[in-house]
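J.: my questions are about this predicted structure, shown below with the sequence.
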Amino acid sequence: MSSFYGKLSTEVYDLDKPTGYSFGDVEYYKERLSGVSGHILEPASGTGRILIPLIEAGLHVEGLDMSTEMMEVCRERAGERNLDIKLYEKSMVDFKLPKTFEAIIVPAGSFLLIKDRAESIEAITNFYNHLQPGGRLILDLFLPDSFRIGETKYRSWKTQEGDLITLQDTLAEVNMLEQYTLSYGRYEKWRDGSLVQTELEPFSLRWYGVEEFRLILENTGFDHITVSADYQHGTMPVNPEQAITFEAIRTN
């Protein structure tokens, strides 16, 4: 996995999408998991935006992430709520845990951070192997919103301490054959007019067609596959701007 979240980009993520912030996904995952009494795993759990509200709802969720910085924030946010959490610092591609789960969830398109197709299929197989028979995989995808190489977007945030963080995000590469985009995010933190921290983040995103991804799940062994759009269960997507959620069952 080539994408990462360093210290500054993690701070921005926590400012922009704090714990519990929802695109409709927090409520959706709570509803879809409401009957799960066993353990749930969230690979790429990040700062706990979704993981922590699910734990607060009484679900037994454990997290997994590659970013030390993201996990530190997750522990801090959980501590603020007096929650005990279990986190693993591992990649969703090749993690190995001595247990299986009743459900595995990958919200918010985090699965798309796996740039290499072979690694993405390895990750799906890994999810399958870590599910109990009858266990569910619930996973979000989305499609790119721009293919204009060189396009740059700017955003900024104010921290509680009064610092200014700016982000210059530039699309550098679109590989139509391999189905991924590569952009570079330049983060800068300013204090009293002086630059005090900067970070350059390469950010790759792979995309999939709906039927393509359904076939990947089927070939891995998943069954009873449901595709939903914009967190309306069973409503098929009709335009490329919608969030797409797959739900699949390991039947044996």
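T.: Alright, I've got the coordinates.

J.: what's the following helix or strand after the host helix or strand of E27?
T.: Assigned by DSSP states H and E, E27 belongs to helix 25-32. As assigned by DSSP H and E, the chain's next helix or strand after helix 25-32 is strand 39-43.

J.: pull the residues that contact that next one.
T.: By CB atoms under 8 Å, 6 or more residues apart in numbering, the surrounding residues in contact with strand 39-43 are 33, 50-51, 54, 59-65, 92, 95, 97, 99, 101-107, 110, 123, 127, 130. The C-beta positions use only the backbone N, C-alpha and C, and glycine is treated the same way.

J.: now, these that are in helices?
T.: Of the positions in the contacts of strand 39-43, L51, L54, A123, F127 sit in helices, assigned by DSSP state H.

J.: residues in contact with Q197?
T.: Q197 is in contact with K7, L8, Y187, E188, K189, counting by CB under 8 Å, 6+ apart.

J.: okay, it and D163: tell me how far apart.
T.: Separation of Q197 from D163 (CB to CB, to the nearest Å): 9 Å.

J.: equivalent analysis for S34, please.
T.: According to CB to CB, S34 stands 40 Å off from D163.

J.: between the two, which one's more packed in?
T.: Taking neighbours as other CB atoms under 10 Å, S34 and D163 compare with D163 leading, 15 against 10.

J.: now the more buried one: closest residue in space, sequence neighbours ignored.
T.: Of all residues beyond its chain neighbours, the one nearest D163 is R191 (5.0 Å), with distances taken as CB to CB, 6 or more residues apart in numbering.

J.: and for M71, the neighbour number?
T.: By the criterion of other CB under 10 Å, M71 has 23 neighbours.

J.: that's a helix at P202, yeah?
T.: No. Counting by DSSP: H, G, I helix; E, B strand; the rest coil, P202 is not part of a helix but strand.

J.: quick one: it and T181 touch, right?
T.: No. With contacts counted by CB atoms under 8 Å, P202 stays clear of T181, the gap being 11.2 Å.

J.: which of those two has more neighbours?
T.: T181 (22 against 14).

J.: what does the helix or strand containing the more buried one contact?
T.: Using DSSP H and E, T181 sits in strand 180-191. Residues outside strand 180-191 that contact it (CB under 8 Å, 6+ apart): 8-9, 12, 115, 144, 147, 159, 162-175, 195-207.

J.: cool, stretch 228-238 as well?
T.: 23-25, 27-28, 31-32, 210, 226-227, 242-245, 247.

J.: these: which two are farthest apart?
T.: The largest separation in those, counting by CB to CB, is between E27 and V210 at 22.9 Å.

J.: which one of those two is surrounded by more residues?
T.: Comparing E27 with V210 by other CB under 10 Å, the one with more neighbours is V210, at 15 against 12.

J.: and that one, how far from S22?
T.: Going from V210 to S22 by CB to CB gives 23 Å.
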